[in-house]
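J.: The sequence and its predicted three-dimensional model are supplied below.
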Amino acid sequence: MHRVPTINRKTNSSRRKRRTSNVEPITYNLITLQPITYNLQPSMLKNYFSAGYCVKTAWRNLLGGKSFSVINISGLAVGMAGAALIILWLHHEVGFDKFHANKDRLHEVYGLVQMEGKQATINQTSQPLAPALKQDLPEVENATRFAPVSSFLFTAGEKKLTGTEGAFVDASFLEMFSFQFEEGVQDKNENNIFSIVITESLAKKLFGTENAINKTIRIDSTDNFKVTGVLKNLPSNSRFEFEYLLPWSYLKKLGWNDDSWLSNNISSFVQLKPGTDLSAFNGKIKDITRRYSNNDKVWTHFLFPLHQWQLYSKFENGKVAGGRIETVRLFAVIAVFILLIACINFMNLSTARSEKRAKEVGIRKVAGAGKGLLISQFTVESILTAAIAGFFAILILQFSIPAFNNLINLQINIPYSSPGFWLMASGFVIITGILAGTYPAFYLSSFKPVSIFQKKFKTTQSVFSPRKILVVLQFSFGVILIIATIVVQKQIRLGAGKEKGYNTNSLLFVNFTGDIEKNYPLIKQELLNNGIASSVTKTMSSITTKGSNTWGLRWQGRKPDDETTIGLLSTDAGLVKTAGLTLLKGRDIDIYKYPSDSNSVLLNETAVKVMGFTNPIGQIIAQPASNMEWKVVGVVKDYIINSPYEKVPPMVIEGPASFFTVMHIRLNTNASTSNQLAKAETIFKKYNPSYPFEFKFTDEEFAGNFANEQRTKTLSALFATLAIFISCLGLFGLSAYMAENRIKEIGVRKVLGASVFSIARLLSMDFIKLVVVSILIASPVAWYAMNKWLEDYTFRIEIGWMNFVVAGLVAVLIALITVSFQAIKAARSNPVHSLRSS
């Protein structure tokens, strides 16, 4: 019998040195497997391995395995769309205020003050500071002040608007910052106090489609302004939010100017001359407020550059300590995770089909294809798949962006008209294709022809195969995001469930606009007399926030170096009853019953502890800066101010020595809320006819404290779902191929009496084990990451083991449902067909 020589037999020729490139290539007889030689025409090789042929072959392979292609393209499309969505948001965040022409020379003036043994950072300054910097320091090219305002009533013809955000600015503001004019110009004449610059959106609200230039806007029924310029709507990635700009001279006309160097209530910005050394300049301005105020205990100053405003706004003890950059980095990692999960799908499914493509690889190698050419072929396939997925990703992106914008409260658009966008998109597709296709390309091109044709080729079944590692890595990403969603949700519940310290039911507040403050006694009396309200009070701000801060207070037993920051609120009478505060000692302030209460205060529990009072009632608190003395008449239980996750600050609630901006109304519950509000509107219209009746419930205001956490929770849940969906899509395809490869084994087991359940369990357990491993890997990573996130909260949850159990069960259940479909389908198949095909 003739013995067929094997390829493994060592011959003399195999020991020789590698032949030079002009020797004819070695190929093999497909029947005898003996080496033969023949000539291949260069033109044939050129055509066979040309780029066009690679693309054509790649397209045929995509069409040949339709189910495989659909799963791969779907996974890549969803992954690319999710990653692209995050990248668009990242681009938006990183690009904040980068559109200004002078961005490298623009700075905001910050202050440093010693508080409670640490340096506190504030970005509010006194009104005289910016002009002094421009006048005193030659390095300053320009300076401007910015004072937000939103209390005006705007009237243009029959149209009236309130609550519109605007600002008082110096004429240099629009010279320093590059906000583009749609039409008109800014009136730079400081003496013309009745000129106004508005945005396109405000022009449309007031004048519709008419040209707004030279039109008249009446403010607060007192002054008429001429529109001299219309700005294009401000980019959403700017720290400035305004719809109109008024000259600083009008602020002076209203009597709102404050020449005190010790009153910080505006923002100040500086544009330095080119080449100015920032560090040296900061040394010059450090003590400017101390010099002008003759007080060496007040704050010092430094300039904070524009490029750090958005991402590095968090300070600790006077030093930059991060900020929004941490969120940007987090979501950059999530974008990479999602894209990697999609690429892992491609890798796993491509290598899973290796047996189906093994003969193709063998024939190509026999025909003379080297490993490099095969790698190129498979890489072209993956890039083509990524390109098709990229097309569908753009469609998904287009449909999902409106919902995403609503979620994050921004306006992000796909810049279709930008060549840079298409260049980046093309690069993104190519990188994705290479990332997804590199491992399969090297894996498939490594097959040996003799092993393939002698049917010795086997896919790896080792414990730590690359495919299993990739599945574990893929699900680990998903489990991390599931745990993150659970932790954020529990942190929100902690804050929402915390006792507020006041009663938000039927409690609303109305901002003082127009004649409300002047007619407050009449409005209050009618609300009470008509049974609309059970109690009414006026305050410095909403009960949910501090009115302002102060320091330098003096009291008996105070330590000499104690400069604790104290929160301030003011009231006229009935605050405890109206807000539903808990009075612990003494009585409420009531200037109508006790006229001397103009110099009385309430303290909260924290203030009593800070001041060290054993018997606080009757104690005297002095404020040297204003030459005032207050007498303590009552103590209220701590209530949540601003964030429920932070410590309650010490609060002093004073009588009406300070200003008022808000009135609180406790609605009477003996009638429906809508009915009571309708009656209240009639009264407000009677005494403030030029303004609409606008109000806000305190429970809505309180809910706003959770806006960032709610957004983080929703985004975490969204991307966790996306990651798990893509993972399961790959798992679905992978289980289908595994079931197909074991179809004969399944047939034999069924013939031998195995049940559908036992076969389904057999096929599913391999994948479930991988998911369990991914849970074990993901849990410590998620624990570390979420603990870092929780560090920013004073009051926070403890991450217990149950969070990981729940996340693990969710992951296992999802994987089990995904895999079981294919497992049960394979187990229910007729064994006759599977065995006959063998």
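T.: Perfect, I can see it now.
J.: make it CA atoms for all contacts and neighbour counts henceforth
T.: Fine.
J.: And the strands in the stretch 301-450 of the chain, which stretches?
T.: Assigned by DSSP state E, counting those that start in this stretch, the strands in the stretch 301-450 of the chain fall at 315-316, 319-320.
J.: Can you show me the helices along the stretch 1-150 of the chain?
T.: For the stretch 1-150 of the chain, the helices defined by DSSP state H, counting those that start in this stretch cover 12-15, 42-48, 51-64, 66-94, 129-136.
J.: mean pLDDT for those: which is lowest?
T.: Looking at the helices of the stretch 1-150 of the chain, the lowest mean pLDDT belongs to helix 12-15 (a mean of 44).
J.: picking that back up, rebuild the strands of the stretch 301-450 of the chain as a markdown table, extending it with mean pLDDT, mean neighbour count and distance to F821.
T.: Listed next are the strands of the stretch 301-450 of the chain as a markdown table, based on pLDDT from 0 to 100; neighbours: other C-alpha atoms under 10 Å; distance: least, C-alpha to C-alpha, whole Å:
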| stretch | mean pLDDT | mean neighbour count | distance to F821 |
| --- | --- | --- | --- |
| strand 315-316 | 83 | 14 | 53 |
| strand 319-320 | 86 | 13 | 53 |
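J.: Present those as a markdown table; the columns should include distance to S755.
T.: What follows is the strands of the stretch 301-450 of the chain, written out as a markdown table (distance: least, C-alpha to C-alpha, whole Å):
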| stretch | distance to S755 |
| --- | --- |
| strand 315-316 | 65 |
| strand 319-320 | 65 |
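J.: Surely P649 is in a strand?
T.: No. Read with DSSP: H, G, I helix; E, B strand; the rest coil, P649 is coil and lies in no strand.
J.: Hmm, it is touching T550, no?
T.: No. In this structure P649 lies outside contact range of T550 using C-alpha atoms under 8 Å: 11.8 Å.
J.: Name the residue in the two with the higher neighbour count.
T.: When neighbours are counted by other C-alpha atoms under 10 Å, P649 comes out ahead of the other of P649 and T550, with 21 against 15.
J.: per-residue pLDDT, the more buried one?
T.: On the pLDDT scale, P649 gets 87.
J.: By residue count, tell me the biggest helix in the protein.
T.: In the chain, taking DSSP state H as the definition, the longest helix is helix 371-408.
J.: Can you read off the pLDDT for S150?
T.: Residue-level confidence at S150 comes out at 82, pLDDT.
J.: Which one, of the strands of the stretch 301-450 of the chain, ends up nearest to K103?
T.: Closest approach to K103 among the strands of the stretch 301-450 of the chain is made by strand 319-320 (19.7 Å; C-alpha to C-alpha).
J.: Could you list the paired strands of that closest one along with their orientation?
T.: strand 315-316 (antiparallel) (DSSP bridges).
J.: Pull out the buried positions in the one helix or strand K252 maps to.
T.: Using DSSP states H and E, K252 falls within helix 248-253. Within helix 248-253, the residues scored as buried using 16 or more other C-alpha atoms under 10 Å are 248-251.
J.: For those, please prepare TSV with the additional fields distance to P131.
T.: What follows is the buried residues of helix 248-253, written out as TSV (distance: C-alpha to C-alpha, whole Å):
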residue	distance to P131
W248	12
S249	13
Y250	17
L251	15
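J.: can you list those residues in CSV and add pLDDT?
T.: CSV is the format used below for the buried residues of helix 248-253 (pLDDT from 0 to 100):
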residue, pLDDT
W248, 94
S249, 92
Y250, 93
L251, 92
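J.: Go through the residues you listed and name the one nearest C343.
T.: W248 (56.7 Å).
J.: just checking, the closest one touches F173?
T.: No. Between W248 and F173 there is no contact under C-alpha under 8 Å: 10.5 Å.
J.: hey, what's the residue nearest to F242 when sequence neighbours are not counted bridged with?
T.: Leaving aside its chain neighbours, F242 sits nearest to G166 (4.4 Å; criterion: C-alpha to C-alpha, 6 or more residues apart in numbering). Assessed by DSSP bridges, G166 has beta-bridge partners V149.
J.: Can you name the residues that contact G166?
T.: 148-150, 241-246 (C-alpha atoms under 8 Å, 6 or more residues apart in numbering).
J.: Could you work out the most separated pair of those residues?
T.: For the contacts of G166, the maximum inter-member distance is 13.9 Å, found between E241 and L246 (C-alpha to C-alpha).
J.: Quick check: which ranges of the stretch 401-550 of the chain have low pLDDT?
T.: Scanning the stretch 401-550 of the chain with the threshold set as pLDDT under 70 gives 443-465.
J.: any idea where the helices of the stretch 401-550 of the chain begin and end?
T.: 419-445, 449-453, 466-497, 520-529.
J.: Please identify the deepest-packed of those.
T.: With neighbours taken as mean count of other C-alpha atoms under 10 Å, the helices of the stretch 401-550 of the chain reach their highest mean count in helix 466-497, at a mean of 22.
J.: Tell me where the stretch 651-800 of the chain is predicted with low confidence.
T.: Judged by pLDDT under 70, the stretch 651-800 of the chain has its weakly predicted residues at 657-658, 733-734, 736-743.
J.: what about 90?
T.: For the stretch 651-800 of the chain, applying pLDDT under 90 flags the ranges 655-661, 669-672, 689-692, 694, 699-771, 785-798, 800.
J.: quick one: the strands in it?
T.: Here the stretch 651-800 of the chain has its strands, by DSSP E, counting those that start in this stretch, at 651-654, 662-667, 696-697.
J.: Select, out of those, the one closest to L76.
T.: strand 696-697 (45.9 Å).
J.: What number of residues are in the vicinity of E139?
T.: Neighbours of E139 (other C-alpha under 10 Å): 18.
J.: what's the closest of the buried residues of helix 248-253 to G730?
T.: W248 (61.9 Å).
J.: picking up where we left off before, now do the shared contacts for P649 and T550.
T.: Joint contacts of P649 and T550 (C-alpha under 8 Å, 6+ apart) are 566-567.
J.: In contact with N224, which residues?
T.: 194, 216-218.
J.: top of those by neighbour count?
T.: I217 (24 neighbours).
J.: Now it: phi and psi?
T.: Main-chain torsions, I217, degrees, to the nearest 10: phi -120, psi 130.
J.: what bridges to it?
T.: F225.
J.: Contacts only, for it.
T.: 154-156, 224-227.
J.: pLDDT at it, what is it?
T.: 94.
J.: pretty sure G322 is in contact with F315, am I right?
T.: Yes. G322 is within contact range of F315, at 7.3 Å (criterion: C-alpha under 8 Å).
J.: Need the residues touching each of those two.
T.: By C-alpha under 8 Å, 6+ apart, no residue touches both G322 and F315.
J.: Look at M802 and say how many residues are nearby.
T.: 9.
J.: If you compare the directions of the host helix or strand of it and helix 466-497, what angle comes out?
T.: Assigned by DSSP H and E, M802 falls within helix 801-827. Here helix 801-827 runs at an angle of 140 degrees relative to helix 466-497 (axes from the mean of the first three to the mean of the last three C-alpha atoms, to 10 degrees).
J.: circling back to that earlier point, tell me the helix or strand right after the helix holding K252.
T.: strand 267-272.
J.: Next secondary structure after that next one?
T.: helix 278-285.
J.: can you list the residues that contact that following helix?
T.: With C-alpha under 8 Å, 6+ apart as the criterion, helix 278-285 contacts 133, 139, 300-303.
J.: how about F242, what does it touch?
T.: F242 makes contact with 164-167, 234, according to C-alpha under 8 Å, 6+ apart.
J.: Any chance of JSON lines for these, columns pLDDT and distance to L494?
T.: Listed next are the contacts of F242 as JSON lines, based on pLDDT from 0 to 100; distance: C-alpha to C-alpha, whole Å:
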{"residue": "T164", "pLDDT": "87", "distance to L494": "34"}
{"residue": "E165", "pLDDT": "92", "distance to L494": "33"}
{"residue": "G166", "pLDDT": "94", "distance to L494": "36"}
{"residue": "A167", "pLDDT": "95", "distance to L494": "37"}
{"residue": "L234", "pLDDT": "93", "distance to L494": "37"}
